[in-house]
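Colleague: Here is my input; please provide its structure:
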Amino acid sequence: MSVFDNFFVIKISVKLLATYRKKLPEGTKGCTCQIEVPTHSVVRHIVEQYDLAFDETNVVLLNGRVTDPEQKLKNDDVVCVFPALAGG
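Modeller: Numbering: from 1, shown residues only. Below you'll find the predicted structure:
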């Protein structure tokens, strides 16, 4: 790894709630982990990395707001995913 490699990655937090917590890396405390991703990453990449779908079965938030799957990520962003619930 060269000194320049750090310029091509950003650090983000991934928060998986409810039954999705089990998809976090082993040893993760709580429901959030920090990862490094390439600077060109978008929200959809993160969701798919955890073997989840970016569709109506899930709620996907970027920094607490509903987001577009192709939204480009920035350093310190927080991607949160949890299953959608149906009520009646």
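Colleague: Next, count neighbours for the nearest residue to residue 19 once chain neighbours are set aside.
Modeller: The shortest distance from residue 19 to any residue that is not its chain neighbour, by CB to CB, 6 or more residues apart in numbering, is 6.4 Å, and that residue is residue 83. For every residue, glycine as well, the C-beta is placed using N, CA and C. Here the neighbour count serves as a burial measure; for residue 83 (other CB atoms under 10 Å) it reads 13.
Colleague: Same check on residue 50?
Modeller: Neighbouring residues of residue 50 were enumerated by other CB under 10 Å; the total is 15.
Colleague: Phi, psi for the residue nearest to it when sequence neighbours are not counted please.
Modeller: The spatially closest residue to residue 50, leaving aside those adjacent along the chain, is residue 23, at 4.8 Å (CB to CB, 6+ apart). Phi and psi for residue 23, reported as degrees, to the nearest 10, are phi -90, psi -10.
Colleague: what sits against residue 23?
Modeller: By CB atoms under 8 Å, 6 or more residues apart in numbering, residue 23 lies in contact with 16, 50, 51, 52.
Colleague: The residue nearest to residue 19 against residue 16, yeah?
Modeller: No: applying CB atoms under 8 Å, one finds residue 83 not in contact with residue 16, separated by 10.0 Å.
Colleague: how much space between residue 67 and residue 23?
Modeller: Look at residue 67 and residue 23: by CB to CB, to the nearest Å, they are 19 Å apart.
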